[in-house]
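K.L.:
Build me a structure from this.
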Amino acid sequence: QVQLVESGGGLVQAGGSLRLSCAASGRTVSNYVMGWFRQASGKEREFVAAISWGGAFSYYADPVKGRFTISKNNAKNTVYLQMNSLKPEDTAVYFCAAGASRSYSPLEYDYWGQGTQVTVSS
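P.N.:
Numbering: from 1, shown residues only. I've put the predicted structure just below:
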């Protein structure tokens, strides 16, 4: 089992920034790809960004490219999502997830955190 705990969500004005954290524990997390997803009210869960623990790759959804940055601290088993230039359409519950392979699909991720709410006001 892998346990994931997100933090860092909140309310911010458009144009502002937030940094989300995802603390991982349990099985060898270094074997997993770590992803961030988001789900707005009434919409499906969508991919935001992902990174490999080994650092070989990271990739982003088009709507967040150039504004969001995914990073990790191996010593702390923590993955971050730095979100800049936030827009009202970024409002959603953000989830951290761990999966065995790189993928944009939430179906390919095995472990999930509880989510953290991000609200961007206009």
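
K.L.:
contacts and neighbour counts: CA atoms only from here.
P.N.:
Noted.

K.L.:
residue ranges of the strands in this protein, please?
P.N.:
Using DSSP state E, the strands of the chain run over 2-7, 10-13, 18-26, 33-39, 46-52, 58-60, 68-73, 78-83, 92-99, 109-112, 116-121.

K.L.:
Mind listing the strands the first one pairs with, and their directions?
P.N.:
Partner strands and pairing direction for strand 2-7 (DSSP bridges) are strand 18-26 (antiparallel).

K.L.:
Just give the closest residue to the most centrally placed residue in the chain, not the sequence neighbours.
P.N.:
The residue lying closest to the centre of the chain (CA atoms, centre = their mean) is residue 36, at 2.3 Å. Of all residues not flanking residue 36 in the chain, residue 96 sits nearest, at 4.7 Å (CA to CA, 6 or more residues apart in numbering).

K.L.:
One more: residue 71?
P.N.:
Among residues not flanking residue 71 along the chain, residue 80 sits closest, at 5.2 Å (CA to CA, 6+ apart).

K.L.:
From what I see, residue 98 and residue 105 are in contact.
P.N.:
No. With contact defined as CA atoms under 8 Å, residue 98 does not count as touching residue 105 (11.7 Å).

K.L.:
who's more crowded, these two?
P.N.:
The residue with more neighbours, out of residue 98 and residue 105, is residue 98; 27 against 12, by other CA atoms under 10 Å.

K.L.:
so who does that one touch?
P.N.:
Residue 98 makes contact with 2, 32-35, 109-112 under the criterion CA atoms under 8 Å, 6 or more residues apart in numbering.

K.L.:
sorry, back to before: list the contacts for the residue nearest to the centre of the chain?
P.N.:
Per CA under 8 Å, 6+ apart, neighbours of residue 36: 47-50, 81, 94-97.

K.L.:
On the pLDDT front, check residue 74 for me.
P.N.:
We have a pLDDT of 84 for residue 74.
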